Structure formats: structure tokens, C-alpha cells
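>>> 3D, please:
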Amino acid sequence: MSTKLLNLVCAAVLCVILSLGLWPFHVPENEVSWLSERNGLRFGGNGTAISSRSFEMPAPRPDDSAGSLEVWLEPKRIWDSGTFLTFYAPDDPHRFSLGQSERDVAVRAGQPGRRRPAILWVDGVFQRGRPAFVTVTARTNGTAVYVDGALARRAPWFRLRADQLTGRIIFGDSAGQSDSWKGRIRGVAIYSRELTPAQVLRHYETWTRAGKPDIQADDGNAALYLLDERGGRVIHDHAGSAVDLSIPERYVVLDQIFLEPFWSEFSMTRSYWSAVAKNIVGFVPFGFCFYARLSMARRSKRAALITVLLGALTSVTIEVLQAYLPTRDSGTTDIITNTLGTWAGMTACRFVAARGWFAMLERWSGALAAGAGRS
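Numbers count the residues shown, from 1 in each chain. Sure, this is the predicted structure:
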């Protein structure tokens, strides 16, 4: 009876782990829809729009180091987080992105010689029930961020080059790994020059009032997405770059990462260490139950080694399959932490067995079964 029970428990533990690691088991629909009452797109939990090809700044330009970007958007909730705009290139995966972190905006840009992108935080951008007009201007001497036409942050140390505002354009998500954003994007514009404070204010006032910015010839407009199509699966550029964006029927992550190395995943953040702890604890029942079952088999002389190998194999299987599910992240850190959790569960089982607690439970269960039979 104990062997059959352990078989059922092991099967149940394995099913739970596979379900948690692979849910949902399908590629969901792309949750992007057009706004009906005005220009713009609504992004749901798994939504993205991706440019058909790489965007490049027009040439020649007066200053190759200068560029600007405007985004008019409204998050669904101010306590959410996610990436709402990305510029991506395979040789520079951390080129540039804009993201929400509750009320704040995170401006991320790759830096020479650094493995991770630099982050410029702009606090208090989003207010409940109000859209925000965010402008980022860049030169080699620093970066400035404007909110609703007014200067919100200037950072001379944050080096953002104009060529980082090029590449595949992604609305509502990041590349490599899913970081989908919920909310409404009402327009995006890219400029090949550093906008002056007066130009920033003029664009904000005209775009939010008339639904289209008052762009003059010396503004250097390179791409303009008014999001005024109101239907279909193509977002057209109105500035002449011919770099349109498409809205896939199914949710997809551009160049999804397969088994990301643990040194790339590592970060000293609360979310990272929380995920590490969950992955270790999640595989403790696996190690405990499978070691208990294998120890009962006389042929399994190396129950501890086999248990740890089974845990590692299960984790590898999950991570490989996750590479084909855009809502999940495939990485090697999980394999290490899951294997560690399996070892911890196996060690706990050996500790319990060494103190005779299993024998005690068997005697109690036998006594209960005998008492039930007499009654």
C-alpha cells in the first residue's frame, strides 16, 4: 500500500511541477486592439506590435549623435510594470527601451563595455486615469526627459546615442523575453535631431489637442505613428520611412531567448532572489518523494544520485519547452535552482528516514488500518 501511495504522490508532484512550469500550454492570442473612440491601440496582458524591418535614421544628418523620441500613452494601472517601447537589434539586444515601473518610467540603454543596460529613472510620470506625453532627447553630452512638455529629468551621465533609436521597433513588449505592458498607446514619433524645449512643448500641445503634432521642417521628423488606422493589422508610418508595424494574430516575442546563461540572468534585485527561492522550494517535494520511492526499491542502490538527476532532467525539459512558449522565459538559472531544490528535498527525506519517522508512520498507519478492519 505504501508503494502504491508513493507512486501516486510522485506522479502528482510531477504533474504539478510540469503544470506550473509550462502554463499556459499554448501560444495565446495577441491582445492588441484598436481604440474605437480615438486614435490609438489597446494592449492587454500578452500584446505586441513589431516593425516589418529595421528602422534607420535618415542620412545625411546635421549631428549623428542627436535624436529624440515622443510617446503618448496611458497605462491601464499605475501599479503595473512592463516595457511599452523597444528598439532591438540582434547584435545589440539592450539597445534601447522605455518601460513602466508603477508610477515611474525606466529609460534603458546599452552602454559600451557593460553587460547590462544603464537605467535612467523618471519618477511620478503616471497618474491615475491620466495619459502621459513622454519625450526623450539625446546627445553625447547627456539625455533629457520631458513629461507633458515640461523638463522632468536631465542626466549628463546617461549616454544615449541617436543610433540607439534604430532597429526593429516593438510596441507593448520587449525582445528576447516577454515583458508585456497593459495600457493604451496613442502615438509615437522619432526625430533625427535633439528637440528644443520649445519644440517639445509645441508637439505636446498640438498632438494632445488636435490628435497630430505640429511638425515643422527643421524638427527632423524621421517616423510618425499616429495610430489612426482604426482597424486592420498594419500600423503605418506617416513620415516617409516606410517602416510599418504589424500586429500578429498570435502573441510572439521577437528573437525569444533559448536557455539564457545564468550569468546573464543574474541581478541583485528582489524579484530575482524571490524567483530563485521559489524555484528551490518548488522542487523540494520532488526530491523528497522521489527519493523515498527509489529508496524502497532494492535495485536502486544509488537512489540519491538518481533522484537529483531526475530533478535536473525534469527542469531541463521544462526550460527547453518554455523556449517555444512566448509567455515563459527559458534560462539556465532555473535548472540550477531546481536541481538544488531536488537535492534539498532528497536530503530532508534522508534526515527523516534516519530518525525512524517513516517506520513510526508505518506503525501508526498499520494500527489505524487494523482498527478500521475490526470495526
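>>> Can you give the domain ranges for this protein?
2-25+260-374, 32-246 (automatic domain parsing).
>>> quick one: the host helix or strand of Arg95 to chain centroid distance?
According to DSSP states H and E, Arg95 maps onto strand 92-101. Distance of strand 92-101 from its chain centroid, counting by CA atoms, centre = their mean, to the nearest Å, is 11 Å.
>>> At the geometric centre of this structure, which residue do we find?
Geometric centre of the chain, nearest residue: Asp179, 2.5 Å, by CA atoms, centre = their mean.
>>> host element of that one?
Using DSSP H and E, no helix or strand contains Asp179.
>>> Hmm, Gly99 and it touching each other?
Yes: using CB atoms under 8 Å, Asp179 is in contact with Gly99, at 7.1 Å. C-beta here means a position set from N, CA and C on the backbone, and glycine is covered the same way.
>>> Give me the common contacts of these two.
Here Asp179 and Gly99 have 82-83 as joint contacts, going by CB atoms under 8 Å, 6 or more residues apart in numbering.
>>> What are the buried residues along the helix or strand encompassing Leu151?
Using DSSP H and E, Leu151 maps to strand 150-155. Judged by neighbour count using 16 or more other CB atoms under 10 Å, the buried positions of strand 150-155 are 152-153, 155.
>>> Just after that strand, pick out the following helix or strand.
Using DSSP H and E, the helix or strand that follows strand 150-155 in sequence is strand 168-171.
>>> buried stuff in the host helix or strand of Thr339?
Using DSSP H and E, Thr339 maps to helix 333-354. By neighbour count on 16+ other CB under 10 Å, the buried set for helix 333-354 is 333-346, 349-350.
>>> Mind picking the two most distant members of the residues you listed?
When CB to CB is used, the two most widely separated members of the buried residues of helix 333-354 are Thr333 and Arg350, lying 26.1 Å apart.
>>> excluding its backbone neighbours, what's nearest the residue nearest to the centre of the chain?
Thr83 (4.4 Å; CB to CB, 6 or more residues apart in numbering).
>>> what's the helix or strand for that neighbour?
strand 81-89.
>>> by contact count, what packs against that strand?
The helices and strands touching strand 81-89, judged by 3 or more CB pairs under 8 Å, 6 or more residues apart in numbering; DSSP states H and E, are strand 67-75, strand 92-101, strand 168-171, strand 183-191.
>>> Quick one: closest of those strands to Ala144.
strand 67-75 (9.2 Å).
>>> The closest one pairs with which strands?
According to DSSP bridges, strand 67-75 forms sheet pairs with strand 132-139 (antiparallel), strand 183-191 (antiparallel).
>>> Turn these into a markdown table, including distance to His94 and mean pLDDT.
Formatted as a markdown table, the strands paired with strand 67-75 follow (distance: least, CB to CB, whole Å; pLDDT from 0 to 100):
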| stretch | distance to His94 | mean pLDDT |
| --- | --- | --- |
| strand 132-139 | 16 | 95 |
| strand 183-191 | 19 | 98 |
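>>> Please render those as a markdown table that adds mean neighbour count and distance to Ser241 to the earlier fields.
Listed next are those as a markdown table, based on neighbours: other CB atoms under 10 Å; distance: least, CB to CB, whole Å:
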| stretch | mean neighbour count | distance to Ser241 |
| --- | --- | --- |
| strand 132-139 | 24 | 18 |
| strand 183-191 | 24 | 8 |
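>>> Any chance of those in a markdown table with distance to Arg114 as columns?
Output for these, formatted as a markdown table (distance: least, CB to CB, whole Å):
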| stretch | distance to Arg114 |
| --- | --- |
| strand 132-139 | 17 |
| strand 183-191 | 24 |
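>>> Identify whichever of the ones you listed lies nearest to Leu8.
Closest approach to Leu8 among the strands paired with strand 67-75 is made by strand 183-191 (45.5 Å; CB to CB).
>>> Tell me the first helix or strand C-terminal of that closest one.
Next in sequence after strand 183-191, counting helices and strands by DSSP H and E, comes helix 197-210.
>>> My read is that Val253 contacts Gly172, right?
No: using CB under 8 Å, Val253 makes no contact with Gly172, being 11.3 Å away.
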